[in-house]
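K.L.:
Make a model of this:
(2 chains, ligands or ions: 2)
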Amino acid sequence: MTENPIEEVLTLNNVEVVYDYVSLAIKGVSLTVPKGGMVALLGANGAGKSTTLKSISGLLAAERGEVRRGEVKFQNENISGLMPQDRVKLGIAHVLEGRRVFEHLTPDENLIAASAVRSRHDAARNKDRVYSYFPRLFERRSSAAGYLSGGEQQMLAIGRALMTQPKLLMLDEPSLGLAPFLVAEIFQILSRINREEGLSVLLVEQNAIAALEIVSHGYLIESGRIVMHDTAEALKRNPDIQEFYLGGAENKNFRDIKHYRRRKRWLT
Amino acid sequence: MDILLLLESSLNGALVGLMYSLVAMGIVLIYKSSSVPNLAQGAMVMLAGYVILAFSNQLGLPLWVAIPLGIVTMFIIGVGIERVALRRLAGRPIIMILMMTLGIEIFLRAGSMTIWGGTSRPLPLGISDAPLFLGPLLINRAYAVGAGVAVAMFVLLVLFFRTRIGVVLRAISDDYTAAWSVGISVERGVALSWAISAVVATIAAVLWGSVQGVDQSLALLLLKGVTVAVLGGLDSIGGALLAGILLGIVEGLASIVLDPLLGGASRELVDAAMLILTIMLRPHGLFGRHDIERV
Ligand SMILES: Nc1ncnc2c1ncn2[C@@H]1O[C@H](COP(=O)(O)OP(=O)(O)OP(=O)(O)O)[C@@H](O)[C@H]1O
Ligand SMILES: [Mg+2]
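P.N.:
Ligands and ions are numbered 1, 2, ... in the order given. Predicted coordinates:
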């Protein structure tokens, strides 16, 4: 079988995740990320966004979570049984919610630590690349990462993920707690990396305005289920979605809206 | 009271304290990587002593061969303990993990008693008994050598933590979920820290074995190690070094000042007081790190 290009880098089919053997966190999530594409996964607090990402990166095990049904396919290969480090080796990078930099390490050491699955030679090259995307990190490369600003820490978290030479970059709410201009700056850099390197991106956000600016498609997750899937343009025009960022305050996002109102609308 | 005597006693105390640090560093290494307080560290020192003697007495090898062989053996035993006993407990309540290390400690002591019996055996390093004079102060040569080795070990560890593997271990100790997320094999890192800790225990075994012989009582070094580790902050190797010096000096002074009043047990009383007071007054120890808070 030659010349059979893989269209999707990532496919989730009806993935169900339980924590502690009982509590069902996502209930049959299906989504795809096209090769070289940028896709958003939007949703409110507790909807199951982070759980979805952990089912892909394999970090569920650390929290006594488990994929109980469905399959996760990366480049057409079922990866459900793999350890997190083997998934990283395949090219899946997960930028955790809340940045989670190694606080007592310098940015330089953060990047070195993140190259455990790559050769020393690749590590040096990747580090140069990360510093070229994020010159600010280079300036601060030798102070403890815990003392960086929130924006710099987010850049470091992304840079750290890039050190693993991913084919798919998954980001969990990178805009969280950042000023709008910083969000714009970071998202611009993400688009640039996507354009220049063909890196596929799965972006989890509550900040729909910013996210829909850079992705081509978006999914909406609600109580562990995908309730909407469309192009970014269509989603922006969707009245339900619009309500979240046109309804009053300029920076309004899902977090601010009463949960039951949306739930009612989408389920009836 | 004789000021020279006090000085001499605190100086020797500081040297002995550095030898305690060696035990404490082993505890810190494991605690840093996996937050496991290893109550078997003293027993690992004891086991290492027996292992070296097995190579030198039972197989008739010279010490300069037996010690490196002991280091290699203990490295493997360290990996083995983590793999067999600790790994399966990841994520379980800390009390279970603590009880497991206590179980290992009892097992190692009982096991070595069964195999090697209870008589104390010498581990002669050939350090002369002749006293060493620093001006008017008399210094125990064996302690001086032990202190020197402890400091050297500390320097080696500091250098190690700057290497690529060392940076990875520090990353694990900072945030193991984040470590997983960038492809670090956390399990292997933790196993490595057990191995290094077992090697440090072997060095401690050589020094302490040469001072007091090899028998079950080496396992009691756990109490010194724990006190020093807690005083130093549990996750700081440098803290363990300095806390060892501090505890040694306090012990040395106590033995001069308090022993005449209390009889012979003042060192142990001072240890207990230091441990309890640290936990009550300064749970992070002298040098333990807090999470970095940005302003
Ligand atoms: N470790 C865990 N153990 C048990 N339940 C969990 C765990 N993590 C998440 N859950 C539950 O799973 C559901 C989905 O949580 P998840 O963290 O995936 O949501 P999210 O969309 O990322 O929310 P947020 O925007 O707040 O980050 C929630 O009901 C949550 O309570
Ligand atoms: Mg989340």
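
K.L.:
all contacts plus neighbour counts: C-alpha atoms, from now on.
P.N.:
Noted.

K.L.:
any weak-confidence spans in the chain?
P.N.:
Answering for chain A, as no chain was given. Confidence mapping of chain A against pLDDT under 70 gives the ranges A:1-6, A:244-268.

K.L.:
Can you look at chain B instead?
P.N.:
B:1, B:290-295.

K.L.:
For the stretch 51-200 of chain B, just list every one of the strands.
P.N.:
Shown for the stretch 51-200 of chain B, the strands assigned by DSSP state E, counting those that start in this stretch span residues B:132-134, B:137-139.

K.L.:
Just name the most buried of the ones you listed.
P.N.:
strand B:137-139 (a mean of 18; mean count of other Cα atoms under 10 Å in any protein chain shown).

K.L.:
Give me the most central residue, chain B.
P.N.:
B:Val23 (0.7 Å; Cα atoms, centre = their mean).

K.L.:
For chain B, which segments count as helices?
P.N.:
Applying DSSP state H to chain B gives helices spanning B:3-34, B:41-53, B:63-81, B:94-116, B:141-160, B:164-174, B:176-181, B:186-212, B:221-232, B:237-257, B:259-262, B:266-281.

K.L.:
Take those and write them to CSV, including distance to chain A.
P.N.:
What follows is these, written out as CSV (distance: least, Cα to the nearest Cα, whole Å):
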stretch, distance to chain A
helix B:3-34, 12
helix B:41-53, 26
helix B:63-81, 20
helix B:94-116, 16
helix B:141-160, 14
helix B:164-174, 5
helix B:176-181, 6
helix B:186-212, 9
helix B:221-232, 18
helix B:237-257, 14
helix B:259-262, 43
helix B:266-281, 24
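
K.L.:
Out of those helices, flag the one nearest A:Glu197.
P.N.:
Comparison of the helices of chain B against A:Glu197 by Cα to Cα identifies helix B:176-181 as nearest, at 21.3 Å.

K.L.:
Any figure for the gap between whichever residue of the stretch 151-295 of chain B sits closest to chain A and A:Val130?
P.N.:
Relative to chain A, the nearest point of the stretch 151-295 of chain B is B:Gly183 (3.9 Å; Cα to the nearest Cα). As judged by Cα to Cα, to the nearest Å, B:Gly183 and A:Val130 stand 17 Å apart.

K.L.:
repeat for A:Ala93
P.N.:
15 Å.

K.L.:
With neighbour numbers in mind, choose between those two.
P.N.:
Between A:Ala93 and A:Val130, counting by other Cα atoms under 10 Å in any protein chain shown, A:Ala93 is the more crowded of the two (31 against 21).

K.L.:
Give the next helix or strand downstream of the helix or strand in which A:Gly159 is found.
P.N.:
Here A:Gly159 sits within helix A:150-162, counting by DSSP states H and E. Per DSSP H and E, the first helix or strand lying C-terminal to helix A:150-162 is strand A:168-172.

K.L.:
what sits up against that following strand?
P.N.:
The contact list for strand A:168-172, computed with Cα atoms under 8 Å, 6 or more residues apart in numbering or on different chains, reads A:9, A:49-50, A:53, A:91-98, A:161-162, A:199-205.

K.L.:
Just the CA coordinates for the helix or strand just after that strand, please, in PDB.
P.N.:
Tracing the chain C-terminally past strand A:168-172 and defining elements by DSSP H and E, one meets helix A:180-197 next. The C-alpha trace of helix A:180-197 is given here as PDB (Å, rounded to 0.1, in the frame of the first residue of the first chain):
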ATOM      1  CA  PRO A 180      -5.600  39.800  26.100                       C
ATOM      2  CA  PHE A 181      -2.500  41.200  24.300                       C
ATOM      3  CA  LEU A 182      -0.500  38.200  25.600                       C
ATOM      4  CA  VAL A 183      -3.200  35.800  24.500                       C
ATOM      5  CA  ALA A 184      -3.000  37.400  21.000                       C
ATOM      6  CA  GLU A 185       0.800  37.200  21.000                       C
ATOM      7  CA  ILE A 186       0.900  33.500  22.000                       C
ATOM      8  CA  PHE A 187      -1.900  32.500  19.600                       C
ATOM      9  CA  GLN A 188      -0.100  34.300  16.800                       C
ATOM     10  CA  ILE A 189       3.000  32.300  17.500                       C
ATOM     11  CA  LEU A 190       0.900  29.100  17.500                       C
ATOM     12  CA  SER A 191      -0.500  29.900  14.100                       C
ATOM     13  CA  ARG A 192       3.000  30.700  12.800                       C
ATOM     14  CA  ILE A 193       4.400  27.300  14.100                       C
ATOM     15  CA  ASN A 194       1.400  25.600  12.500                       C
ATOM     16  CA  ARG A 195       2.000  27.400   9.200                       C
ATOM     17  CA  GLU A 196       5.700  27.000   9.100                       C
ATOM     18  CA  GLU A 197       6.100  23.500  10.400                       C
END
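
K.L.:
burial measure for the closest residue to the residue nearest to the centre of chain B other than its chain neighbours, as a count.
P.N.:
Leaving aside its chain neighbours, B:Val23 sits nearest to B:Gly225 (4.9 Å; criterion: Cα to Cα, 6 or more residues apart in numbering or on different chains). B:Gly225 has 27 neighbours, counted by other Cα under 10 Å.

K.L.:
Equivalent analysis for A:Val17, please.
P.N.:
Using other Cα under 10 Å, A:Val17 has 27 other residues around it.

K.L.:
Over to A:Asn14?
P.N.:
For A:Asn14, the count of nearby residues is 18 (other Cα under 10 Å).

K.L.:
Helix, strand, or coil at A:His94?
P.N.:
Of the three states, A:His94 takes strand according to DSSP: H, G, I helix; E, B strand; the rest coil.

K.L.:
beta partners of it?
P.N.:
With DSSP bridges as the criterion, A:His94 is bridged to A:Met170.

K.L.:
and it, how far is that from A:Ile56?
P.N.:
Distance, A:His94 to A:Ile56, using Cα to Cα: 9 Å.

K.L.:
Looking at these two, which has the bigger crowd around it?
P.N.:
Counting neighbours by other Cα under 10 Å for A:His94 and for A:Ile56 shows that A:His94 has the greater number, 30 against 27.

K.L.:
Next up, the contacts around that one.
P.N.:
A:53, A:57, A:161, A:169-172, B:181-182.

K.L.:
What's the local residue count around the closest residue to A:Ser142 other than its chain neighbours?
P.N.:
Closest residue in space to A:Ser142, ignoring its immediate chain neighbours: A:Thr106 at 5.2 Å, by Cα to Cα, 6+ apart. Using other Cα under 10 Å, the number of residues around A:Thr106 comes to 21.

K.L.:
Verify the stated contact: A:Thr106 with A:Ser143.
P.N.:
Yes. Shown here, A:Thr106 and A:Ser143 form a contact pair, counting by Cα atoms under 8 Å, at 5.3 Å.
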